[in-house]
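[1] structure here, sequence nowhere to be found:
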């Protein structure tokens, strides 16, 4: 009897342990599922704003803001979200309001004469999102100084050379030179910018040599250069644009060689092809028309019989 | 028009099929309409959300749609070639099956090109194809050839129906609506069966029978050249045009046999569609299977033996059972050998068996079209930077399957509706005495005593 009793006791203990274990497992699973996949009712999701400052070649300033949130452990950008841009340099002042696009991005463009940097101190811009039913409010500040970037294009000993000068702007006048910052030269191509040279600004100056065999515009041989200080801590991105006839002429092919005659872009089809197709189509459609005529004849003959 | 007694008798047999829409017909129609509506919804979603909801991507830009396009244009051969040739040869046994063949041609020729439209990303720019089409492009050859073929197929079917339309117009007592009777009158274009009218009509049918054959051959050759003139592994082959033509006759014959079997059962046409029809068309299927098998072997042997890098890659995918192997062996071995074995052995050559192997062959040929398109596109000649597997590998989505099923449903539905409009067996032909046949009756040369 005894061993049997012990056995049943053991079974009971085992049973209760299994029961407790499975219950706790279920609770863990439930919590994990709820926490991992869906926000609890009423709990708002955290929002993040990323801000970039770009001074374009025409002196306009752009503040690009990207809004995102983490949904199901994945960062997702938020579309159609209203953002406010404040200038907080002296006092808080609303500059503009805009809505994000499909990719969760909005770009605030400030006019060329908008003052940036005062008395050598940086301007402070803040992009704010007031939050919604689903998302928490968020804010992001950026501090930037104004920079004047100039590029002088010269041919030095047959080498295409760009002399770059960069100075801070204080109350509309040239201030301290920009130093210890990388500067790049790009050429605008069909889809994106092609990097053609790079340098390092020391005492506000850098000299960059670029290749002389970059194909330019087919007719004018122009190249559009973009000299750029990209994403500097104090200045954001600063650009300088210039179009100059430095493009190498495209290679010339003989106009009517065999390749071009058979090329997809050749406007005229080979004559034999046009003739063959024409004869075939004429042959077939002649018979179609003949049959249409015969059908007309059948109809007329039917009318005559009825009369 | 005076209708003779024999014609009246034959029409009497077919009039219930034209007048009654029984429960089975209505249920089947409802199912087919439901499938077509679902396909329409899939089309709406595709146009609304773009091609991103299909399986097609940068590498595999053609998928199920183009496989369906080639397949439907292929089966349209049934009417174009079979009825065209049989008419020219004045083969007597063609009469009961000729209309089925012509229906297949017209319906399949309408459905096929629709899949090209589904494949286009910007349907709103379709008109540019007409405005700025380039004669150098095989795609334009295809557009021109198919348009010509559609017109020809309609004309061919219409010409062959005029006599029956006139009979239906002049048969009193048919329980049909006013509009339908008016449509018979309108489409019969005053045909009264006079000698002169008959002569004009017969000449027209003979002309169409003669020109529809080369048109059909050109259409399928052009279709093959779209592939053949592209420098892609598995496509760039000189054999492709005749290979596609043979595949088309093969599948067209298969679908014709299936349709014959279906109508024989449904409308009890045992008197008209006999074992002889299945035997003769079965033999044609066997011959086509043999030629197609020979072409397939020649094509793959040449590719395999030379083992050019890219061709070898496509072939490896085809032969590997973890990739397309099972599909390939089904389409090539089962789809080719089964019809040859079953039809070749007299004991196995029953009506049901011939219809069954036809269905298997048709399915195998559809798979083959898929295999011509997808594995090649999954083997890009220029591997792009950052080519991810999900961009290279194609798997059709529910949208593509829905539109494929929609096409098949439309094919069956259109067939059913047309066979309710005119008798599926040409009444005017089967009630006419035998024509001067091209068939030569073989007489014993030695008389037995």
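    Happy to help now that I have it. Note that the structure is predicted; figures quoted are calculated from it, not measured.
[2] my read is residue B:296 is in a strand, agree?
    No. Counting by DSSP: H, G, I helix; E, B strand; the rest coil, residue B:296 falls outside a strand, being helix.
[3] who's in contact with it?
    Residue B:296 is in contact with B:243, B:332, B:336, counting by CB atoms under 8 Å, 6 or more residues apart in numbering or on different chains. (Glycine included, C-beta is placed from N, CA and C.)
[4] what is the helix or strand harbouring residue B:371 packed up against?
    Using DSSP states H and E, the secondary-structure element containing residue B:371 is helix B:351-377. Here helix B:351-377 is seen to pack against helix B:64-75, helix B:240-266, helix B:275-306, helix B:309-319, helix B:325-329, helix B:335-344 when contacts are counted using 3 or more CB pairs under 8 Å, 6 or more residues apart in numbering or on different chains; DSSP states H and E.
[5] report all helices and strands that the fifth one contacts.
    Okay, so that is helix B:325-329. Against helix B:325-329 (3+ CB pairs under 8 Å, 6+ apart) you get helix B:309-319, helix B:351-377.
[6] likewise for the second one?
    Other elements packing on helix B:240-266 under the criterion 3+ CB pairs under 8 Å, 6+ apart are helix B:64-75, helix B:77, helix B:98-119, helix B:195-228, helix B:275-306, helix B:351-377.
[7] assign the residue of the stretch 1-150 of chain B found nearest chain A to helix, strand or coil.
    Nearest residue of the stretch 1-150 of chain B to chain A, counting by CB to the nearest CB: residue B:135, 3.9 Å away. Of the three states, residue B:135 takes coil under three-state DSSP.
[8] got the confidence number for it?
    Looking at residue B:135, its pLDDT stands at 85.
[9] shouldn't it be in contact with residue A:269?
    Yes. Taking CB atoms under 8 Å as the contact criterion, residue B:135 and residue A:269 are neighbours in contact, 3.9 Å apart.
[10] give me the buried positions along the helix holding residue B:371.
    Of the residues in helix B:351-377, B:351, B:353-358, B:360-377 count as buried by neighbour count, 16 or more other CB atoms under 10 Å in any protein chain shown.
[11] grab the nearest non-local neighbour of residue B:78.
    Leaving aside its sequence neighbours, residue B:78 sits nearest to residue B:252 (CB to CB, 6 or more residues apart in numbering or on different chains; 3.7 Å).
[12] ok, now which ones touch that neighbour?
    B:74-82, B:104.
[13] quick check: residues of the stretch 201-350 of chain B near chain A?
    B:201, B:203-204, B:207-208, B:211, B:215, B:218 (CB under 8 Å from any CB of the partner chain).
[14] ok, so of those, who is nearest residue A:159?
    Nearest to residue A:159, judged by CB to CB, of these is residue B:218 at 61.7 Å.
[15] run a quick neighbour tally on that closest one.
    19 (other CB atoms under 10 Å in any protein chain shown).
[16] got it, and residue A:214?
    16.
[17] any stretches of the stretch 101-250 of chain A with poor pLDDT?
    The model of the stretch 101-250 of chain A has no residue with pLDDT under 70.
[18] tell me where it has strands.
    A:105-110, A:123-129, A:138-144, A:147-156, A:159-170, A:173-177, A:181-188, A:193-201, A:205-210, A:223-232, A:236-244 (DSSP state E, counting those that start in this stretch).
[19] sorry, back to before: residue B:14 is nearest to which of the helices and strands packed on helix B:351-377?
    Nearest to residue B:14, of all the helices and strands packed on helix B:351-377, is helix B:240-266, at 11.3 Å by CB to CB.
[20] counting neighbours, which bits of that closest one end up buried?
    B:240-241, B:243-261, B:263-264.
[21] can you give the distance of stretch A:222-238 from its chain's centre?
    For stretch A:222-238, the gap between its own C-alpha mean and the chain's C-alpha mean amounts to 17 Å (CA atoms, centre = their mean, to the nearest Å).
[22] same deal with stretch B:14-23?
    For stretch B:14-23, the distance to the chain centre is 26 Å (CA atoms, centre = their mean).
[23] which helix or strand contains the residue in chain A that chain B sits nearest to?
    Going by CB to the nearest CB, chain B is nearest to residue A:302 of chain A, at 2.5 Å. Residue A:302 is part of helix A:271-306 when elements are defined by DSSP H and E.
[24] taking chain B, what residue is nearest to chain A?
    Closest point on chain B to chain A, by CB to the nearest CB, is residue B:190, at 2.5 Å.
[25] leaving out sequence neighbours, find the closest residue to that residue.
    The shortest distance from residue B:190 to any residue other than its chain neighbours is 2.5 Å, reached at residue A:302 (CB to CB, 6+ apart).
[26] one more: residue A:141?
    Per CB to CB, 6+ apart, closest to residue A:141 is residue A:126, 4.7 Å.
[27] so does stretch B:148-158 get close to chain A?
    Yes. If you take CB under 8 Å from any CB as the test, stretch B:148-158 does meet chain A, through B:148, B:151-152, B:155.
[28] so what's the nearest residue to residue B:185 once chain neighbours are set aside up against?
    Distances taken as CB to CB, 6+ apart put residue B:169 closest to residue B:185, at 5.0 Å, once the chain neighbours are dropped. Residue B:169 is in contact with B:1, B:181, B:184-185, B:188, counting by CB under 8 Å, 6+ apart.
[29] can you check residue B:86 too?
    Counted by CB under 8 Å, 6+ apart, residue B:86 has contacts B:94, B:98.
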